[in-house]
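> Predicted model and sequence below, questions to follow.
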Amino acid sequence: MKIFQGLLAYALGRTVEDVSVTKDLGNDIRITKETAEALELQGMDITGWKIVGNKDLDKKLKNSAKDAQTRGLGSVYGMWQPIEDGGKVMVPFTVHSSYSHRTEQIKEAMAELQDVLGCFEVPYVENPLSDVYGQGIVFVADGSCYSLLGRGPGFHNGMQGATSISDLGVPNGWQAIALDDGCNLASNPSTVQHEVLHALGVFHEHSRPDRDSYIDYWEDRTSAPGSWSKYPTSNWHSMGSIYEPRSVMSYGSYATSTTSGVPVALLKDGGQIFDGERITTEDALQVQWMYCKEQPSKFPGYEYTETATCTSQDEVGATRKVFTSRLCDGISDCPNGEDEGDLAVCKEIAPRTPNGCCGAIVRGGQTCTHNPDYSYGDRETFACEDGTGVMFVPWASNRWLHVVAATYPIEGSVSWMSSIADTGICPPTTWAACAVNGYDATDNCETNDCDPNATCTSGFESYTCECNENYTGDGNTCTFIPEVNECADGSHQCDENASCSDLRDGYTCSCNAGWKDSGLQPINGRDCVEEAACCDAVQFSFPYEQLCTIDGTFDGKKRWSCTGAHKLFEVKYHSGTSTFYLFELGTWTYHAVLAADPDFCFAESDSDYTCLDSIPADLISPGKFEWDCKEKSKYHECKVICEGQSKPDKKFVIRCTKNNSVWSVHKGSVPSCAPPPPRAGCEESLIGEDLTSPGGNTWTCVEGKKDKKCTAVCDDGSSSENFEVKCKYSKNGDSKWSKSNKKSSPPLCGAEGPKICHEDDIDPDLIPEGSVVWECKANSKQNVCKASCSNGADADKTYSVKCQNKKNTWKVEKKKMTILNCL
């Protein structure tokens, strides 16, 4: 078993067939102080590992996660959990904009995890802040590939310059996983699965305490010996599965090598350790054991996902299992590919070739079909979707090659992406499996011993029975569940201040009027607290000293504006998460989570703030302004900062004494922050059409003491070239608008401008009779057009006209020229 529960980051090296990874990942392992101490106590070598503090983890969520102790070393952080009773383990994910070019590959890799991990749900979330998930993973570009080992709420490691996980656009309970194309992600998306399994608590396969029985390892060849440290025997929990060289959790032979082409580890027989194409069946079964089978309180009677058994042994002599859902899926999971045609009859997508080979094969993620128009020697070739090809080349050491598009078909030299030594008449199915679409399944429910009140579901070689609704049992025997009214007999667990509603299967609870759910229980109505009277003005002590007062609504809920801190804040509701936050004013950057309750209001029930009476309306300035408030020992004091001003009005001060919480004027009278009324005579509606864009524009105006100036803003967003008009106020009311700059012109704003010296505007009396062809040459000063007859008439004559841009009138270029006759 490869389970380790602590907090660990790692760097991942990869190899693929015919390619050695040269990226030096160095000592990229990161662990917390607690995990480092636990590892060293168990005798594990952590030389070169980087120790990070807990500043990257949300303290509240960290503490709440500690109660879920798991099998493994130093259970600093707990396992992932369902977010609702009876639900699956929830691991939502999103992709940060820094790595969005790999979004589809990440989605595919995560979809496969959901297919094989049993009791997991792995949904993709487009916008985590607008959704309901308090835990999840965000994939971020960070120059290498690493992940925490186990759940670590809030972990970000400064990726993309983040100082908190919220800087990456996700809630505080999420954690980041770093990715980079240098980890071979483009050619091997199993890197994503490797990372995620670490986040679930799965350790490296090559660090098993018994690994020396299966591989030879040379410490002097690696740049990161800590990444190859063996896990302590006392804390390794085996499921009876021996070392698996194609586990998605294993490093390849050349990972972290200090010398290109020199392996760090090899199998005992000298064979290379290759990176798996995806999470193996045994990888997935071990996660199912850890999360599903070993948590009967959450998943009672859990049954492992159905498997078949391979008939051949792998590189270390083990006979492996394969999920029946993976039979005939075009990817070989068994050592000799027997899952692609021997264990079940596959439905091939194309008829067999004349040589008896598969009509279509899968290689490198591409479907390659038989090419009847091109054979090479006595072997058939296969053309792939991306232009590459699969073919046998005897002079390439008798190998089947996956040839690059530029050299398929072969016309000379050849280049290839991968190959395998095999002289068979067909490509070996372990290297290029037949392209299939599932297998012919037998309906095993035709003969079954399910109870009459159960439903039979056919499997690969068996069937399962499940009792129908309102029945209980093992499926072979089902007993009717008598209706019980828990609300009537008092066996319900509703709060004393909640109402119970009976259902056919169970009951529901809802808090009574004047009471609401505390949020401490996952099921409503189990813990109700009294709804306290709300206050519209509060003085915060945490996270910042500031005063927040009611200021309208946002998204249908109350909104408070805040002053007095180092910057302006607001309290408003986020409908996507059904939560009130303390946001920076006008942004979605939050500094505190106030309540996951759409009906939240401030009340005298929290040590972080004190309720104050609302500032009376007769003390509030007309117009737009902000409060500048400070807390003194005996009172709160506020001044007004009118919009456009940087300092408060010192002539007006209001105070609220702490003994009676009543606001009153301490000094001065209420100032007016309203703008002066508009002056008559220079209304924007009076700006003439000759000053307005033909394409349409609005005006941005500034009113001075003696005049008013307006700048054009194009309706279509195109450039307005800063065109400005002005109007001087007149006592007798005859004010007029004019250009601020006499040489400027109104912007076109997308409209077509006037034609200057265009050949279409040549005067008719200058145009020859008949069919004429104009050849024009225009520059910044003029346009000159030379005429010729299309029928060749007057070919010996030269005739041209010109137009100067300033005058915009056409005339004969030279006085002695005579007009052509093209009739």
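That came in fine, so what should we check first? Numbering: from 1, shown residues only.
> any idea where the helices of this structure begin and end?
Taking DSSP state H to define them, one finds helices in the chain at 33-41, 59-65, 103-116, 190-200, 281-288, 486-489.
> can you pull the buried residues of the longest one?
By neighbour count, and taking 16 or more other CB atoms under 10 Å as the criterion, the buried residues in helix 103-116 are 105-107, 109-110, 112-113, 115-116. Every residue, glycine included, has its C-beta placed from N, CA and C.
> What is the nearest of those residues to residue 493?
Closest approach to residue 493 among the buried residues of helix 103-116 (CB to CB): residue 113, at 35.1 Å.
> How much space separates the closest one from residue 191?
When distances are taken as CB to CB, to the nearest Å, residue 113 and residue 191 turn out to be 13 Å apart.
> What of residue 117?
As it turns out, when the distance is counted by CB to CB, residue 117 lies 17 Å from residue 191.
> What of residue 729?
From residue 729 over to residue 191 (counting by CB to CB), the distance is 71 Å.
> Quick check on the two: which one has the bigger neighbour count.
Of the pair residue 729 and residue 191, residue 191 is the one with more neighbours under other CB atoms under 10 Å, namely 26 against 16.
> thinking that one is in contact with residue 180, fair?
No - the pair formed by residue 191 and residue 180 falls short of the contact definition of CB atoms under 8 Å, at 9.1 Å.
> who touches both of the two?
Taking CB atoms under 8 Å, 6 or more residues apart in numbering as the criterion, residue 191 and residue 180 both touch residue 145.
> Which neighbouring elements make contact with the lengthiest strand in the chain?
For the chain, the strand reaching the highest residue count under DSSP state E is reported as strand 366-376. Here strand 366-376 touches strand 360-363, strand 379-384, strand 389-393, going by 3 or more CB pairs under 8 Å, 6 or more residues apart in numbering; DSSP states H and E.
> Rounded mean pLDDT for the longest one, please.
I take that to be strand 379-384. Within the predicted structure, the mean pLDDT of strand 379-384 is 96.
> Adjacent strands (with direction) for that strand?
The partner list of strand 379-384 in its sheet, established with DSSP bridges, is strand 366-376 (antiparallel), strand 389-393 (antiparallel).
> so where's the stretch 601-750 of the chain uncertain?
Counting by pLDDT under 70, the stretch 601-750 of the chain has low-confidence residues at 604-607, 613-614, 658, 661, 678.
> Okay, strands next: where are they in it?
Secondary structure of the stretch 601-750 of the chain, counting by DSSP state E, counting those that start in this stretch: strands at 609-612, 625-631, 635-642, 653-657, 663-667, 697-703, 707-714, 724-728, 737-739.
> got the CA coordinates for the first one in PDB?
When you say that, I think you mean strand 609-612. Provided in PDB are the C-alpha atoms of strand 609-612 (Å, rounded to 0.1, in the frame of the first residue of the first chain):
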ATOM      1  CA  TYR A 609     -17.700  43.700  16.200                       C
ATOM      2  CA  THR A 610     -19.900  46.000  18.200                       C
ATOM      3  CA  CYS A 611     -23.400  47.100  17.200                       C
ATOM      4  CA  LEU A 612     -24.000  50.800  17.000                       C
END
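> Thank you kindly, that will do.
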